[in-house]
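Asker: sequence below, structure please.
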Amino acid sequence: MKKNLTIILAIALSFGVFAQQNTWPSALGNVSFATDSTWTISGNGIFQIWSDAVQTDYCSNKTSFRGGVDDGAIWDPKWVSFNIDCRSNPYHKGDLFSWRAVHDLKEELCPYPWRVPTKQDFVDLDIALGGTGKHQIRVPTLRDKYLNDWGGDNGGFCSGMNGVLFMQGFDGRYWSQSEFDINHAFFLFFSSHDHVRASAVMDKANGHSLRCVRDN
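Answerer: Below is the predicted model of the structure:
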């Protein structure tokens with residue numbers, strides 16, 4: 001029998017060693033957690049605490065390169081855009097990162113005991129919020145739980161092709177650390193059209209939001 005799901009919103013929980021120093025120097029400049037709120041999600045046998053990733057004091061937008069001509073060539077992962085894009089601020093909390101930036105700076109973006117979530121973390125989260133862990137459409141109640149109970153945001157995404165910001169205020173897109181293949185990775189997706197996909201796939205060069213997770 002499916003267990004009763006309980007979702008507890010916990011505001012302003014302690015960040016452990018970071019509680020007394022919410023800003024610290026790093027390769028990103030002086031960084032701090034984007035908010036002082038964390039969200040405790042329990043249900044379906046999981047218990048995890050989520051928090052927004054660190055927020056940078058400045059943006060670092062580096063040139064994108066492709067491993068070939070620009071007529072549909074496959075992205076060369078050695079040159080995929082290393083991009084941190086702050087154009088989602090101040091209207092939406094948090095920055096947008098390419099998957100490569102998330103991968104290379106994971107210890108700074110999600111300092112211990114936090115970590116970058118996996119594909120399975122998002123599947124577990126979806127089930128804990130009342131979803132199925134699979135792609136669903138026309139589920140406004142579930143979409144609202146991502147926004148209200150999980151504290152997510154419709155930050156949109158930044159195109160790795162030309163740096164253009166899309167779907168701000170409409171889509172929430174959060175990177176996982178799990179790769180689909182050499183050019184694509186899994187991410188969490190929810191939209192204003194009431195679509196939710198816990199394990200969507202997109203080009204690693206695109207800039208998505210990031211939220212950290214830790215096991216209790």
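Asker: where does pLDDT dip in this structure?
Answerer: 1-36, 44-45, 56-81, 87-90 (pLDDT under 70).
Asker: quick one: the helices in it?
Answerer: 99-104, 106-109, 119-128, 140-148 (DSSP state H).
Asker: and those as JSON lines, adding mean neighbour count and distance to residue 51?
Answerer: Heads up, the C-betas are built off the backbone N, CA and C, glycines and all. As requested, the helices of the chain are exported to JSON lines (neighbours: other C-beta atoms under 10 Å; distance: least, C-beta to C-beta, whole Å):
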{"stretch": "helix 99-104", "mean neighbour count": "21", "distance to residue 51": "15"}
{"stretch": "helix 106-109", "mean neighbour count": "18", "distance to residue 51": "11"}
{"stretch": "helix 119-128", "mean neighbour count": "22", "distance to residue 51": "13"}
{"stretch": "helix 140-148", "mean neighbour count": "16", "distance to residue 51": "15"}
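Asker: so who does the closest residue to residue 216 other than its chain neighbours touch?
Answerer: Sequence neighbours aside, residue 47 is the residue nearest to residue 216 in space, at 4.8 Å (criterion: C-beta to C-beta, 6 or more residues apart in numbering). The neighbourhood of residue 47, defined by C-beta atoms under 8 Å, 6 or more residues apart in numbering, consists of 40-41, 215-216.
Asker: just the buried members of those?
Answerer: Among those, those classed as buried by neighbour count (16 or more other C-beta atoms under 10 Å) are residue 41.
Asker: from residue 166, how far out is the residue nearest to residue 216?
Answerer: Plainly put, residue 47 is 34 Å away from residue 166 if you go by C-beta to C-beta, to the nearest Å.
Asker: any chance of the helices of the chain in CSV, with distance to residue 185 too?
Answerer: As requested, the helices of the chain are exported to CSV (distance: least, C-beta to C-beta, whole Å):
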stretch, distance to residue 185
helix 99-104, 5
helix 106-109, 13
helix 119-128, 9
helix 140-148, 19
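Asker: tell me which of these lies nearest to residue 55.
Answerer: With respect to residue 55, and counting by C-beta to C-beta, the nearest of the helices of the chain is helix 106-109 at 9.6 Å.
Asker: against which helices or strands is that closest one packed?
Answerer: Packing partners of helix 106-109 (3 or more C-beta pairs under 8 Å, 6 or more residues apart in numbering; DSSP states H and E): none among the helices and strands.
Asker: now it - C-alpha only, CSV.
Answerer: Backbone C-alpha positions of helix 106-109 (Å, rounded to 0.1, in the frame of the first residue of the first chain) are rendered in CSV as follows:
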residue,chain,number,x,y,z
LYS,A,106,30.0,21.1,-7.8
GLU,A,107,32.0,21.4,-4.5
GLU,A,108,31.6,25.2,-4.5
LEU,A,109,28.0,25.4,-5.8
